[in-house]
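[1] Following is a predicted model, sequence given first.
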Amino acid sequence: MSFLESLQIAIESIRSNKMRSFLTMLGIIIGISSVIAIVSLGEGGQSAVTDQLNKIGATTVTIGIDSTKAQKSDYFTLKDAEQIKQEVNTIKYVSPTVSERGTAVSSIASKNANISGVTTDYADIENYDISYGRYFNDLEENEGKPVAVIDEDTAKELFGSADAVGKTMDLGPTGAGKKVTIVGIRSSAGSFGGVGPNAAISVDVPISFAQTMYSTNFTISNLTVSADSKEDVEEAGDSAVSILESRHNNRGKDIYTASNLFKQMDQINNILGIFTDFIGAVAGISLVVGGIGVMNIMLVSVTERTREIGIRKAIGATTQNIMVQFLTESVIISLIGGVIGMIIGITSSELVGKFVNVTPVVSPTVVIAAILFSSAVGIFFGIYPAKKAAALDPIEALRYE
Amino acid sequence: MIEVTNIIKKYVAGEIDFTALKGVNVKIEKGEFTSIMGPSGSGKSTFMNILGCLDKMDSGKYMLNGQDVSNLTGNELAFVRNREIGFVFQAFNLLPRLTVLENVALPMVYAGVPAKERRERAMEALAKVALEDRVKHKPNEISGGQKQRVAIARAIVNRPNVIMADEPTGNLDTKSTFEIMKIFQDLNDEGATVVMVTHEPDVAVYTRRIVRFKDGEITSDEAVKNRIRL
């Protein structure tokens, strides 16, 4: 008997019990569709995170210091930045960075401020879009001039309008601010400022000026570096660390670490991946339950068709013939369930994706895996009933009422 | 053709052993038309099941068409049932979901006959039982006599060496009984070997030889004297 023949017999039998076959498939449909929907949305989420991070600046490397191991001489100097820029071909911009907290007081508002002391390169590293005025220049930086660059939203809050070039405010440690002049306004896009009246604003000032504001224990603990391209990020960071270690004579002490968004991206994706796997596994359990449903119905079917099995055996069906017949049936049921589940899974992931603003990624691997897995469920849970059917004694089966 | 020697068949039900066949010896030649008769419990059906390779005996020897089938495995017996034997049951035993034509073609499915040839041969067999006009019907759409004719067509479609019928007219009215017995007689005249279990003497008179069973033993074995040819 050919495979096509068993296929025909199986389809005929499924068709003659439409409702029951559908209910049996339902378990598989729910299992497969939820696994596909969850995995597609998970992968969609991961690629959304990747895209987002690529936009913000995948070429940026931040070099930090392990402050628990570092001595005074290990902290960065302005000369470090220059040397890195000279020696590493793949690095275009370097800015030593200090971050301090303080207050910004204008004539109409007072705000908590995250003050970044940086060099002129920083505007290029962050890809700033200057909407009014300009970023501070080398001269202002070298001389430690009291100038600042803020974003449009901050300008509106502190001065009532986005174009606040030329306006002044008091900036620095709370109660000890110095008068600074706004030289440029950058667009607010891409900044992760907080929201609400108490959220801190971001202010960029020349690092030399930051030093005069925070002179006690002033250390530079970060270098922000921009590599030529995404591909160079990892190597650029390593080269920069290597130069720093030789300049500060602390090679092998692991004081400096270069981190880039790719590393963070990996971490985020890892977490997302674990999350997806976990929910996927829970959905997978429903597949097992669906498989047990298939087995249950196949067992009923075997009992119900005992006489048919007896007749088939009496006219020459072998054990294998009967086995293949029932196994084909359970595989077909599971497979049809798998295909329907796949369609529903893809559709529902698109629908849910629209609500949560994630474009689901349906990978061919998942689709193939779903189909293979549902057939495997059919085989695994079909074997026992099929064996039972095949082992029936023809005489007993013929006598069965 | 069929030669059984000292067949013993026991059933064990709990503590009680029941010996259904107590050493049966029979020889049936090619082309014979034999009735197996006897009261219920006489062992005739058990004997028939063993002859039909549906059941296994506990001891003895069974030669079918020159082949010793006494110790074959389940699948080897399935092969013998498929190629050597054609069955006709009292309860017809057609598959309700299949059409008449598909039912008749079924033994050839297991024999590995190509689909086109199966159709042709099934049509031929149905022509022999005069049911060419019912091929598309389902078994529940035809009468009992017609069902049994379909079953006969199915029994002869694989060109078996012997046709075995277990009370083939047991569920039929007189008219249908005549039809069925005539078909068996025609087949027999064409050379087919037929073995038939029946408890009705009225039916046995259409055959050529009667083997009587009682309590698991053969009590008589004689030619039919006033055979009626329908």
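    Perfect, I can see it now.
[2] Tell me who's in contact with the residue of chain B found nearest chain A.
    Residue nearest to chain A within chain B: residue B:82 (2.4 Å; CB to the nearest CB). Glycine gets a C-beta too; all of them are placed from N, C-alpha and C. Going by CB atoms under 8 Å, 6 or more residues apart in numbering or on different chains, residue B:82 touches A:315-316, B:107, B:110-111, B:158.
[3] continuing past the helix or strand it falls within, what's the next helix or strand?
    Per DSSP states H and E, residue B:82 falls inside helix B:74-83. Counting by DSSP H and E, the next helix or strand C-terminal to helix B:74-83 is strand B:85-88.
[4] Tell me which strands that following strand pairs with, and in which orientation.
    Strand pairing for strand B:85-88, determined by DSSP bridges: strand B:162-166 (parallel).
[5] re the thing from before, which residue is the nearest non-sequential neighbour of the residue of chain B closest to chain A?
    residue A:316 (2.4 Å; CB to CB, 6 or more residues apart in numbering or on different chains).
[6] Likewise for residue A:207?
    Distance criterion CB to CB, 6+ apart; nearest residue to residue A:207, sequence neighbours excluded, is residue A:117 at 3.9 Å.
[7] and the one you found, that's in a strand?
    Yes - counting by DSSP: H, G, I helix; E, B strand; the rest coil, residue A:117 falls inside a strand.
[8] Against residue B:169, how distant is it?
    Distance, residue A:117 to residue B:169, by CB to CB, to the nearest Å: 110 Å.
[9] Around chain B, which positions in the stretch 301-401 of chain A sit nearby?
    Counting by CB under 8 Å from any CB of the partner chain, the residues of the stretch 301-401 of chain A lying close to chain B are A:307-308, A:310-321, A:394-395, A:398.
[10] buried ones in the helix holding residue B:82?
    For helix B:74-83, the buried set under the neighbour-count rule, 16 or more other CB atoms under 10 Å in any protein chain shown, comprises B:77-83.
[11] what residues are up against the residue nearest the centre of chain B?
    Centroid-nearest residue in chain B, with CA atoms, centre = their mean: residue B:164, separated by 1.6 Å. Residue B:164 makes contact with B:48, B:51-52, B:85-88, B:194-196, according to CB under 8 Å, 6+ apart.
[12] can you list those residues in TSV and add pLDDT?
    Formatted as TSV, the contacts of residue B:164 follow (pLDDT from 0 to 100):
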residue	pLDDT
B:48	93
B:51	94
B:52	93
B:85	94
B:86	94
B:87	92
B:88	95
B:194	96
B:195	96
B:196	95
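[13] neighbour-wise, which of the residues you listed leads?
    When neighbours are counted by other CB atoms under 10 Å in any protein chain shown, residue B:86 leads the contacts of residue B:164 with 29 neighbours.
[14] Name the residues linked to that residue by a beta bridge.
    residue B:163.
[15] From residue B:122, how far out is it?
    13 Å.
[16] Mutual contacts of those two, please.
    Common neighbours of residue B:86 and residue B:122 (CB under 8 Å, 6+ apart) are residue B:157.
[17] Check the average confidence over stretch A:310-324, would you?
    In this model, stretch A:310-324 carries a mean pLDDT of 93.
[18] what sits up against it?
    Residues from elsewhere that reach stretch A:310-324, judged by CB under 8 Å, 6+ apart: A:1, A:3, A:6, A:309, A:325, A:386-387, A:389-392, A:394-400, B:52, B:54, B:74-75, B:78-79, B:81-83, B:87, B:89, B:93-95, B:106-107, B:110-111, B:154, B:158.
[19] Could you tell me the end-to-end distance of that stretch?
    Stretch A:310-324 has an end-to-end distance of 15 Å (CA to CA, to the nearest Å).
[20] just stretch A:141-159 next, same as before
    First residue to last in stretch A:141-159 (CA to CA) measures 24 Å.
[21] circling back to that earlier point, please convert the buried members of the residues of the stretch 301-401 of chain A next to chain B into PyMOL selection syntax.
    A single PyMOL command selects the buried members of these (16+ other CB under 10 Å):
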select buried, chain A and resi 307+308+310+311+312+313+314+315+316+317+318+319+321+394+395+398
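[22] what about residue A:62, which SS state?
    Classified using three-state DSSP, residue A:62 is strand.
[23] Isn't it up against residue A:222?
    Yes - between residue A:62 and residue A:222 a contact is recorded at 6.1 Å, counting by CB atoms under 8 Å.
[24] shared neighbours of these two, anything?
    Shared contacts of residue A:62 and residue A:222, defined by CB under 8 Å, 6+ apart, are found at residue A:97.
[25] And the nearest residue to residue A:331 once chain neighbours are set aside, its phi and psi?
    Once flanking residues are discounted, residue A:331 sits nearest to residue A:378: 3.7 Å by CB to CB, 6+ apart. Residue A:378 adopts backbone torsions of phi -60, psi -40, taken as degrees, to the nearest 10.
[26] Report pLDDT for residue A:378.
    For residue A:378, pLDDT reads 90.
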